[in-house]
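>>> I would like the atomic coordinates for the input below:
(chains A and B)
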Amino acid sequence: MEFSILLAGFGGQGVLSAGKFIATAALLEGKEVSWLPSYGPEMRGGTANCSVIVSDSPIGSPILNATDVLIALNGPSLDKFTHLVKPGGLILADSALVHAVPERQDIRFIPIPASTMASEAGNMTFAAVILLGCLAAATQCFSRDSFEKALYDALPARHHHLIPAEMAIFDRGTLFAAP
Amino acid sequence: MSNRVLMKGNEAIAEAAIRAGCRHYFGYPITPQTEIMHYMALRMPEVNGVMVQAESEVAAINMVYGAAAAGARVMTTSSSPGISLKQEGFSYIAGAELPAVVVNIVRAGPGLGGILPAQGDYFQATKGGGHGDYRNVVLAPASVQELYELTVEAFNIADRYRVLTMILGDGTLGQMMEPVLFRDEEPVESFDKSWATTGTQGRREHNTIQSIYIEPDALERLNSNLQAKYRRIAEREVRVETVNCDGAEIILTAFGTCSRICKNVIRQAAEIGIKVGLVRPITLWPFPDQAIAAAAGQPSVKALLDIELNAGQMVEDVRLAVNGTRPVHFHGRTGGNLPTQQEILDKIQVLARS
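Numbers count the residues shown, from 1 in each chain, chains lettered A, B, ... in the order given. Next up, the predicted model:
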């Protein structure tokens, strides 16, 4: 069973870090993982994306031609990557920044005002964490416990005091997964 | 499983070098491999090692020459345009028979090109690049775990034969993160380096390290010795992975990132009833021509299809290995683009039908 997630947004929104949290959480659950960032010219234009694959067996190609989940943190990412989502797949979008709604009817679309919620919580980097909460609840691709451990693993110690607040906002994200 | 660490390919190379006993690193930054230098800048002081950001690639490779001549385990890393600048040094290192490890995280060329992944440096890596009759051992990892293991092995090969050993990666491998399982103890072999220029302390004639031989007979002797050494390497150091080759209709050949795309294609092809195999050279020099000839020679095989991130380089060695017994086709992408699984599968379907 192989599961892929494409995360995309502006540089600075924590897209690459969010991908690393997913990969770390899945690794802690004994899964095979790969994390591949964009580092090419598109990054110089201010957008960033990374693809994460989580699998029960060794991963062939780390390069995505299609994805189970798209997490879009800005409008251009939704426009650019919606066509890559597999039929029956899922799109999570930060609806504070993404105003469009995908036209496709064969996918599930969950808009979450993540940036607004993060701003109210006083830390803009929480926006991605809210979306990851919803991802975990909607797809079960990693557990809450693994995610919390992954934050301790992946973040430098000087940020560890923020983790309880991140888990609180992660939990608020899970509520959006309910059908 | 729990002690697997998520690491970038570039970081895994740097950590592997340190674990292999490398305490001297000289480099000059260039995308997409600069994380190696970042990592060395952090880690080398912790192990009493030296990391120097040289003033240029040419300076860095000559620092490598010096450290290798003094018997140190030494590495430099760069990406394609920087590797071109180092070629003169590679030739001198070959002539002086010095052990050194060089990493090329290839980007798209020619010229300054672009920073995205490519395999356009295959010819340069395997056929020389610098002047004169010499060979470098070239290893082509395909995962972050393999970047670690083959970097450690590169130091052993370099010391075993006093030869430059190159890790040929690409931007995808350098930038991606995958889990790495580190060994408790590295298989680091120790070697007699009584040839090194470490100072005589008054006890013996001084050693010399040189690549200049004015007398033709002396230079021919050096060349004969080098060629004998390269034959020994070709006999002993070939590494190759074969996947699903028994009874396959189509044999794919690919290295590095391309081989991983091919592994997915093998599964897709099976779903539509085409048996596809893969021969993945892990050493690009010495080239695994026997493994390719054996896979190609099966009665079931209709054709070979070579997949590369270039305009067709390794395919020449595949054709030499197959030696006309089967048609060898090629599909490549350039500019930093990667082939999709579908475009490879489309080619396979055409070949399987013919």
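>>> Let me know the distance separating the closest residue to A:T125 other than its chain neighbours from A:I71.
Once flanking residues are discounted, A:T125 sits nearest to A:G14: 4.9 Å by Cβ to Cβ, 6 or more residues apart in numbering or on different chains. (Glycine included, C-beta is placed from N, CA and C.) Distance of A:G14 to A:I71, given as Cβ to Cβ, to the nearest Å: 11 Å.
>>> picking that back up, might you report the residue contacts of the residue nearest to A:T125?
Residues in contact with A:G14 (Cβ atoms under 8 Å, 6 or more residues apart in numbering or on different chains) are A:125, A:127-128.
>>> what does the helix or strand encompassing B:L304 rub up against?
Element membership for B:L304 (DSSP states H and E) is strand B:303-308. Strand B:303-308 has contacts (Cβ under 8 Å, 6+ apart) with B:119, B:122, B:250-255, B:258, B:261-262, B:292, B:296, B:312, B:314-315, B:318, B:322, B:326-332, B:339, B:344, B:347-348, B:351, B:354.
>>> Quick check: mean pLDDT of that strand?
What strand B:303-308 shows for mean pLDDT is 98.
>>> What of stretch B:172-187?
Here the average pLDDT along stretch B:172-187 is 96.
>>> Wondering if it reaches chain A at all.
Yes - against chain A, stretch B:172-187 shows contacts by Cβ under 8 Å from any Cβ of the partner chain at B:172, B:175-179.
>>> thought B:V144 was touching B:K8?
Yes - with contact taken as Cβ atoms under 8 Å, B:V144 and B:K8 are classed as touching, separated by 7.4 Å.
>>> okay, the two: which has more neighbours?
B:V144 (27 against 23; other Cβ atoms under 10 Å in any protein chain shown).
>>> Which residue, neighbours along the chain excluded, lies closest to the more buried one?
Nearest residue to B:V144, sequence neighbours excluded (Cβ to Cβ, 6+ apart): B:E178, at 3.8 Å.
>>> Look up which residues are beta-bridged to the one you found.
Counting by DSSP bridges, B:E178 is bridged to B:M7.
>>> Number of residues surrounding it?
27.
>>> what sits against it?
By Cβ under 8 Å, 6+ apart, the contact list for B:E178 reads A:33-35, A:59, A:62, B:6-7, B:9, B:143-145.
>>> at 10 Å instead, please
The contact partners of B:E178, by Cβ atoms under 10 Å, 6 or more residues apart in numbering or on different chains, come to A:23, A:27, A:32-36, A:53, A:59, A:62, B:4-9, B:12, B:143-147.
>>> now swap in B:L284 and tell me
Counted by Cβ under 10 Å, 6+ apart, B:L284 has contacts B:119, B:122, B:125-126, B:136-140, B:166, B:168, B:239, B:255-256, B:313-314, B:317.
>>> What about the residues you listed, which are in helices?
B:122, B:125-126, B:256, B:314, B:317 (DSSP state H).
>>> Looking at those residues, which is nearest B:S84?
B:A125 (11.2 Å; Cβ to Cβ).
>>> quick one: contacts for the closest one?
Contacts of B:A125 by Cβ under 10 Å, 6+ apart are B:83, B:90, B:102, B:104, B:106, B:119, B:136, B:138-140, B:166-168, B:284-285, B:313.
>>> picking up where we left off before, can you give me the separation between the residue nearest to B:V144 and A:I53?
10 Å.
>>> what touches both of these two?
A:23, A:32-36, A:59, A:62.
>>> Need the max-distance pair from the residues you listed.
It's A:E32 and A:L36 that sit farthest apart of those, by Cβ to Cβ, at 13.8 Å.
>>> Between those two, which is the more surrounded one?
A:L36 (22 against 17).
>>> Point me to the helix or strand that includes the more buried one.
Applying DSSP H and E as the criterion places A:L36 in strand A:32-37.
>>> Distance from that strand to the middle of the chain?
Computed by Cα atoms, centre = their mean, to the nearest Å, the chain-centroid distance of strand A:32-37 equals 13 Å.
>>> re earlier: columns pLDDT on top of the ones in helices among the contacts of B:L284, output as JSON lines?
Listed next are the ones in helices among the contacts of B:L284 as JSON lines, based on pLDDT from 0 to 100:
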{"residue": "B:Y122", "pLDDT": "98"}
{"residue": "B:A125", "pLDDT": "98"}
{"residue": "B:T126", "pLDDT": "98"}
{"residue": "B:G256", "pLDDT": "98"}
{"residue": "B:M314", "pLDDT": "98"}
{"residue": "B:D317", "pLDDT": "98"}
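>>> which one among the residues you listed gets closest to chain A?
Proximity to chain A was ranked across the ones in helices among the contacts of B:L284 by Cβ to the nearest Cβ; first place goes to B:G256, at 11.5 Å.
>>> wait, B:A20 sits on B:V188?
Yes - using Cβ atoms under 10 Å, B:A20 is in contact with B:V188, at 5.6 Å.
>>> Looking at these two, which is more packed in?
For B:A20 versus B:V188, neighbours defined as other Cβ under 10 Å are more numerous around B:A20 (23 against 15).
>>> pLDDT at the more buried one, what is it?
pLDDT for B:A20: 98.
>>> any idea where the helices of the stretch 1-150 of chain B begin and end?
B:9-19, B:34-46, B:57-69, B:80-85, B:87-95, B:122-126, B:144-161 (DSSP state H, counting those that start in this stretch).
>>> intersection of neighbour lists for A:G14 and A:I71?
Common neighbours of A:G14 and A:I71 (Cβ under 10 Å, 6+ apart) are A:7, A:128, A:131-132.
>>> Can you lay out those as JSON lines showing neighbour count?
Output for these, formatted as JSON lines (neighbours: other Cβ atoms under 10 Å in any protein chain shown):
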{"residue": "A:L7", "neighbour count": "33"}
{"residue": "A:A128", "neighbour count": "27"}
{"residue": "A:L131", "neighbour count": "27"}
{"residue": "A:L132", "neighbour count": "30"}
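>>> do you know how far the residue of chain B most remote from its centre is from B:T208?
Ranked by distance from the centre of chain B (Cα atoms, centre = their mean), the top residue is B:G202, with 40.4 Å. Remark: distance between B:G202 and B:T208 (Cβ to Cβ) = 17 Å.
>>> downstream neighbour of the helix or strand of chain A with the lowest mean pLDDT in the secondary structure list?
In chain A, the helix or strand scored least confidently by mean pLDDT, DSSP states H and E is helix A:41-44, which has a mean of 64. Downstream of helix A:41-44, the first helix or strand assigned by DSSP H and E is strand A:47-55.
>>> next one: that following strand to chain centre, how far?
Worked out by Cα atoms, centre = their mean, strand A:47-55 lies 8 Å from the chain centre.
>>> Same check on stretch B:156-168?
How far stretch B:156-168 lies from its chain's middle: 10 Å, per Cα atoms, centre = their mean.
>>> and the gap between the residue nearest to A:T125 and chain B?
Going from A:G14 to chain B by Cβ to the nearest Cβ, to the nearest Å gives 16 Å.
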